[in-house]
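> coords below, sequence missing:
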């Protein structure tokens, strides 16, 4: 019988940026007691997931092992770390631990699912710890682009693991705790088995810049702006929102926060005490009475989201506010890859309104929340782990992070989603491969990414959809003509007569030629008619559509 | 009766980057004789144009005025300038003028439509000119990222206009003519009414860099690579392809060009004499016999196109070649906004194969083909035009370009697609607004972007599609039960029984309740059933699908 082991299993976030979900286990193989670190979401796109509302990690394995789960720990309140707590709570049934600010937002998410907030337990920062099963876990403060981001110190009989969470090394983060190398060295000094580490910015060669660098640039920009100023950033970047608000305040401008997420984040920050001294804000209903040159809006939608405040302002009006010629619109943000089109659309709409757009292309108005390569190296030097396991990255990030670790003489482990790593020995080994994937929240139901549902949508979008109905009478003879409806297809093609007429004619001929063997067999009949439709469409319009055939038999 | 006037009318490219099509006219209002400058395409995406093959400018206005068109001039052979010549030739029926390299590629495009190559007439560079109707036009060489890019000198009785084409100010472009400020000054010295000018890089603050800067960096990289090297760039960037090939040659590597566009471009360049001294290349069939460390592939697909050589290599195999651990893959290119996801997908697939990816993030392996802001200012200083009309840009680029022109004391005209500008007087004025838009090539047919066809595809992709059939007998009574087929929708929802069963049950109830007024009226019946389906789906799965109802009446 094998002895106890310590395992690490990413179910989301290792091989992608987003949808973070990591599992640690300790115990006999197959009976390890488990903790889950983060339950995040990622966002759909038209290319791969049209119509989908949200993408969650596939937690089938966790559900199957539900009785082994001791607890869930959330490192910080970004959607890609906390977004799935509500959708998965019932399936996992485990208590959720987080620091106050994160817990505040996690509770709101649970409430939306009718779960009481007490399912989330607030933990203070290190040296406070929580013991669950064989694990003792503490929240080690570190700087990031949201308040109270924390690394986790995960102790088990097999030793100490540090899970970095998302982080940067910022000694002046403005809101939240600064990077404290002495604290991290102290925690690490008795030996760290593994550092499981954020890889987002591993390709950025220069040391990261502090949040404090943004302030003076924004202040100058806002002070010199002749008309109204609108600034957008991530609502959760509370330090940045504060910087923007202070710039407005110093320029004698009234501040109006717009967008639900923006107000919710600031409220949560104030409620939990992480944000103090935030300037006075006014509501949109009062903003229109303020002279425009004395006003600054701080709004959601920095990623071009169509329903957010930025997009609505760019299209015309939001809560009674409109933009005018000469106004200034600041993107105090970077565009996440994939969101470029949405952001550019807004910039052009703003341009059409005569609004001057300033973005971060000159590096003045935004800094990243993630550690760059030299910072990753610094953290390794402070923690001195036996091995580095990169997470929070696409494959290319994880691979590069392994390479820089190895170059520094450390073991690096490239573990992607589903790869269960045994950390017990001196050499990490792959213990098992677990099926993982993505679960789509689609309307109010969860569907599997590979269920074929979204594939059918993509096919209809690419190829259009033809539906054919035919009635077969009691003598297995077609009654009347088959009928075609087209959706998403050109109405006429090469013959310059309606495509549906040509299809119906070709289908009638097919039925006329069809023998009893076909007419009495729904499958054969449908397949034959489908082939006729696809061939005729190919000839007429150069496309082979999706085809649905409905055969109605009179009995 | 009004006197003759000179007009400028962009039909594509002014308000977007892509799909360039500009019209100049001279004559009595409404009777101007016309020339068309460039007939380009742009490319579809899933967000707005799923299933579409290519996007062309809407040339309805040109077709309506076909008898006024004297000629088409193509500035250079990029797809966004020449891509639509084949699709539009029959509708316009005008001769096409271009320089030799561009003409070679334009002829290939016409041949694909069964049009003889003699429709394209080759013109030598300035001082050669072509006189068509009231216009005399010459091709003024300028550097860009493709050979023989040219500005057009357009003379009419109303004066000289210079249409810049796409350009950069490169005195060492390696292939094609260098920027020659003395030539451009000479051409401009008797006065230029308007400079119609490329705006692509108006937001780039530093002067543009020369193509020659790339060579030494690539050479070093290739020389130091231990295993096989694969490099991708735009096939049409012949100078870059030559730089890559020469780096391979100097490192003693055999060169294999992969991808049809890559071979076609190099062939056209050699045939027309713009490319000389290109190193010897081998075919893919011979490449596999070469030791990998002595081989370099130069391949298509720098923008992540799924069918191009890069994507196929990243997925596994292309023409018998595969990648191996430690190979180097160079993106000697930048990613056009909107293509990020495709490029990143390839990078991660390469990472999974252990291939080291190098891109242009450090600025070493790519330079832009467009003039940056200081270069735009330089061109204005050389040409000294009365007014600047920015083109080849989104609204934000055009607006910024107008601003920098005005700051230099020149008139700037913000003219977007469809805005006909009268250039005759000292002040440009808007003469008319023409309906413009986009035409989709969809399979083998052209459809309008606003025809509703693609909108229906997007709706099916977002919402799924339910089709309902019902048979009504001779007495206006439903015969049997209605039948539902779902496409792109979850099979079960809240009730945990098949959604189609619930839909059929609810529809039966609806029919049972329906009176004669409904049952005898197809429109009412369809509308009622559609409403039932949407409501039931909303309850069950939280989505309102597209619904097609087919009512079959027995007579």
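That came through, no problem. It should be emphasised that the depicted structure is a prediction, and the values quoted were computed from it without experimental measurement.
> and the gap between residue A:64 and residue A:58?
Distance of residue A:64 to residue A:58, given as CB to CB, to the nearest Å: 11 Å. C-beta here means a position set from N, CA and C on the backbone, and glycine is covered the same way.
> more neighbours, those two?
residue A:58 (25 against 10; other CB atoms under 10 Å in any protein chain shown).
> ok, now how distant is the more buried one from chain B?
Using CB to the nearest CB, to the nearest Å, residue A:58 is found at 16 Å from chain B.
> thought that residue was touching residue A:446?
No. Here residue A:58 does not reach residue A:446: they are 9.6 Å apart, not a contact under CB atoms under 8 Å.
> any common contacting residues for these two?
Contact criterion CB atoms under 8 Å, 6 or more residues apart in numbering or on different chains; residues shared by residue A:58 and residue A:446: residue A:439.
> buried residues in stretch A:325-334?
Using 16 or more other CB atoms under 10 Å in any protein chain shown as the test for burial, stretch A:325-334 gives A:327-334.
> what does stretch A:212-221 contact?
Outside stretch A:212-221, the residues that touch it by CB under 8 Å, 6+ apart are A:170, A:172-174, A:229, A:231, A:240, A:243-244, A:246-247, A:250-251, A:328, A:330, A:332, A:358, A:364-367.
> chain center to that stretch: distance?
29 Å (CA atoms, centre = their mean, to the nearest Å).
> try stretch A:310-330
27 Å.
> mind checking if that stretch is in reach of chain B?
No. Applying CB under 8 Å from any CB of the partner chain, one finds stretch A:310-330 separated from chain B by no less than 11.0 Å.
> end to end, how far does that stretch reach?
Stretch A:310-330 has an end-to-end distance of 10 Å (CA to CA, to the nearest Å).
> stretch A:534-549 too?
End to end - CA to CA - stretch A:534-549 spans 12 Å.
> test my guess that residue A:520 contacts residue A:474.
No. Counting by CB under 8 Å, residue A:520 does not reach residue A:474; the two are 11.8 Å apart.
> which one's more surrounded, these two?
Higher neighbour count among residue A:520 and residue A:474: residue A:520, with 13 against 9, using other CB under 10 Å.
> now the phi/psi pair for the more buried one, please.
phi -90, psi 0 (degrees, to the nearest 10).
> contact partners for it?
Neighbours of residue A:520 in contact, by CB under 8 Å, 6+ apart: residue A:476.
> repeat that for residue A:35.
Residue A:35 touches A:23-25, A:69-73, A:132-133, A:135, A:137, A:154, counting by CB under 8 Å, 6+ apart.
> distance of it from chain B?
Remark: distance between residue A:35 and chain B (CB to the nearest CB) = 29 Å.
> what's the local residue count around residue A:88?
Residue A:88: 22 surrounding residues under other CB under 10 Å.
> quick check, it in contact with residue A:60.
No. Contact criterion CB under 8 Å: residue A:88 and residue A:60 do not qualify, at 11.3 Å.
> quick revisit: can you select the buried ones from the contacts of stretch A:212-221 in ChimeraX?
Per 16+ other CB under 10 Å, the buried members of the contacts of stretch A:212-221 correspond to this ChimeraX selection:
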select /A:170,173,174,229,231,240,243,244,246,247,251,328,330,332,358,364,365,366,367
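> related to what we said a few turns ago, and which of the buried residues of stretch A:325-334 is nearest chain B?
Closest to chain B out of the buried residues of stretch A:325-334 is residue A:329 (11.0 Å), distances taken as CB to the nearest CB.
> packing partners of whichever strand or helix holds the closest one?
Here residue A:329 sits within strand A:328-331, counting by DSSP states H and E. With contacts taken as 3 or more CB pairs under 8 Å, 6 or more residues apart in numbering or on different chains; DSSP states H and E, strand A:328-331 sits against helix A:214-224, strand A:229-232, strand A:356-358.
> if we use 6 Å, what do you get?
strand A:229-232, strand A:356-358 (3 or more CB pairs under 6 Å, 6 or more residues apart in numbering or on different chains; DSSP states H and E).
> before we move on, back to that, out of the contacts of stretch A:212-221, list just those in strands.
A:229, A:231, A:328, A:330, A:358 (DSSP state E).
> check which helix or strand the spatially closest residue to residue A:109 that is not a sequence neighbour maps to.
Spatial nearest neighbour of residue A:109, excluding adjacent residues (CB to CB, 6 or more residues apart in numbering or on different chains): residue A:86 at 4.2 Å. According to DSSP H and E, residue A:86 maps onto helix A:85-92.
> flag every buried residue along that helix.
A:85-89, A:92.
> show the pLDDT at the closest residue to residue A:472 other than its chain neighbours.
Distance criterion CB to CB, 6+ apart; nearest residue to residue A:472, sequence neighbours excluded, is residue A:553 at 4.9 Å. Per-residue pLDDT puts residue A:553 at 91.
> compute the number of surrounding residues for residue A:553.
Using other CB under 10 Å, residue A:553 has 15 other residues around it.
> what's the answer for residue A:495, then?
By other CB under 10 Å, the residues close to residue A:495 number 13.
> could you do residue A:116 as well?
9.
> what do you get for residue A:522?
Other residues near residue A:522 number 14, with proximity taken as other CB under 10 Å.
> write down the beta-bridge partners of the closest residue to it other than its chain neighbours, one by one.
The shortest distance from residue A:522 to any non-neighbouring residue, by CB to CB, 6+ apart, is to residue A:551 (5.2 Å). Per DSSP bridges, the residues bridged to residue A:551 are residue A:470.
> list the contacts of residue A:551.
When contacts are counted by CB atoms under 6 Å, 6 or more residues apart in numbering or on different chains, residue A:551 is found next to A:470, A:522, A:525.
> and the first one, what does it touch?
Okay, so that is residue A:470. Residues counted as contacts of residue A:470 (CB under 6 Å, 6+ apart) are A:478, A:482, A:551.
> buried sites along stretch A:204-214?
Those would be A:204, A:208, A:210-212, A:214, for stretch A:204-214 by 16+ other CB under 10 Å.
> which single one of those residues is nearest to residue B:103?
Distance ranking of those against residue B:103, using CB to CB, places residue A:204 first at 45.6 Å.
> what's the closest non-adjacent residue to that closest one?
Of all residues beyond its chain neighbours, the one nearest residue A:204 is residue A:372 (3.9 Å), with distances taken as CB to CB, 6+ apart.
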